[in-house]
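*Asks:* compute the structure for the input listed below.
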Amino acid sequence: MIQVRKAGDRGHFNHGWLETYHTFSFAGYHDLQHMRFRSLRVMNEDTVAPGHGFGTHPHNDMEIVTYVLSGALQHRDSMGNGAVLRPGEFQRMTAGTGITHSEFNPSSTEPVHLYQIWLLPERRGLVPEYEQQRFSESERRNQLQLVASGDGQQGSLRIHQDVRIYLSVVEAGQAVTAVLSVGRYAWLQVLRGGVLLNGVLLGPGDGAAVSDEQELTIEGKSDAELMLFDLV
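*Replies:* Purely as a prediction, here's the structure:
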């Protein structure tokens, strides 16, 4: 079964310096029909204006991953980490027992377009952690590239949850295939372009919750970039 979450149906706010879309309930957007999918709690698509950002704020007991589509995002946190996240890099932060951090667009001219995703951790009270890594685009062109997992396989970042996160760039007319083990679920988020997911058309910003499907075929209708979550 494939249930589509259309981009235009998401919660949407334009704060001037920040334009944001919420797939699931978040902050001022509350939708009882879209609270989460499995351990996937937040799927936010943000565009932050030049010279603006999120001031220092706290998190706890959440696995937070961030992926930049264009521009750059400067990160600082209470663990002493300071880095700039750029396209092609993937960031993972375990909030655990508590952290504070800030995220800022350091450019004076270019907005930053990003996705930030929160997943519920396997347990509460974890020690806070931070990882950031660049992944080669050539290794996800017309194939699924593992960027985060519960066991850190294939050089992926380690998330404290039974989840595997893949990135892929699928060219028009090409396809990638994913096989789900019995009892597992998937969420597909289209970051750019358009795809057919088992024949279901998805456009930019669309998401799809997948259950009771063992094989997924993702075909590029146009050149597309996507993120696939394999979840319990």
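*Asks:* nearest residue to the middle of this protein?
*Replies:* residue 117 (4.5 Å; CA atoms, centre = their mean).
*Asks:* and the gap between the closest residue to that one other than its chain neighbours and residue 76?
*Replies:* Distance criterion CB to CB, 6 or more residues apart in numbering; nearest residue to residue 117, sequence neighbours excluded, is residue 65 at 4.9 Å. Glycine gets a C-beta too; all of them are placed from N, C-alpha and C. Look at residue 65 and residue 76: by CB to CB, to the nearest Å, they are 17 Å apart.
*Asks:* can you check residue 192 too?
*Replies:* According to CB to CB, residue 192 stands 28 Å off from residue 76.
*Asks:* how many other residues sit next to residue 97?
*Replies:* By the criterion of other CB atoms under 10 Å, residue 97 has 12 neighbours.
*Asks:* name the surrounding residues that touch stretch 144-164.
*Replies:* The contact list for stretch 144-164, computed with CB atoms under 8 Å, 6 or more residues apart in numbering, reads 39, 63, 65, 90, 92, 94, 119-123, 126, 131, 133, 135, 139, 165-168, 176, 178, 228-232.
*Asks:* PyMOL command for the buried members of the residues you listed?
*Replies:* Buried members of the contacts of stretch 144-164, defined by 16 or more other CB atoms under 10 Å, are picked up in PyMOL with:
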select buried, resi 39+63+65+90+92+94+119+120+121+126+131+135+165+166+167+168+176+178+228+229+230+231
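*Asks:* and the helix or strand the residue nearest to residue 117 falls within, what does it pack onto?
*Replies:* Assigned by DSSP states H and E, residue 65 belongs to strand 63-70. Applying 3 or more CB pairs under 8 Å, 6 or more residues apart in numbering; DSSP states H and E, one finds that strand 63-70 contacts strand 89-94, strand 112-119, strand 185-192.
*Asks:* what sits up against the first one?
*Replies:* Defining contact as CB under 8 Å, 6+ apart, one finds that strand 89-94 is touched by 59, 63-68, 75, 77, 83, 85, 99, 101, 121, 126-135, 147-148, 157-160, 167.
*Asks:* which neighbours does the helix or strand that comes right after that strand have in its sheet, and in what orientation?
*Replies:* Per DSSP H and E, strand 89-94 leads on to strand 99-104 as the next helix or strand towards the C-terminus. Strands that pair with strand 99-104, judged by DSSP bridges, come out as strand 53-59 (antiparallel), strand 73-77 (antiparallel).
*Asks:* what's opposite the residue nearest to the centre of the chain in the beta bridge?
*Replies:* Going by DSSP bridges, residue 117 forms beta bridges with residue 43, residue 65.
*Asks:* my read: it touches residue 64, true?
*Replies:* Yes. At 7.3 Å, residue 117 counts as touching residue 64 under the criterion of CB atoms under 8 Å.
*Asks:* thanks again, I'm all set now.
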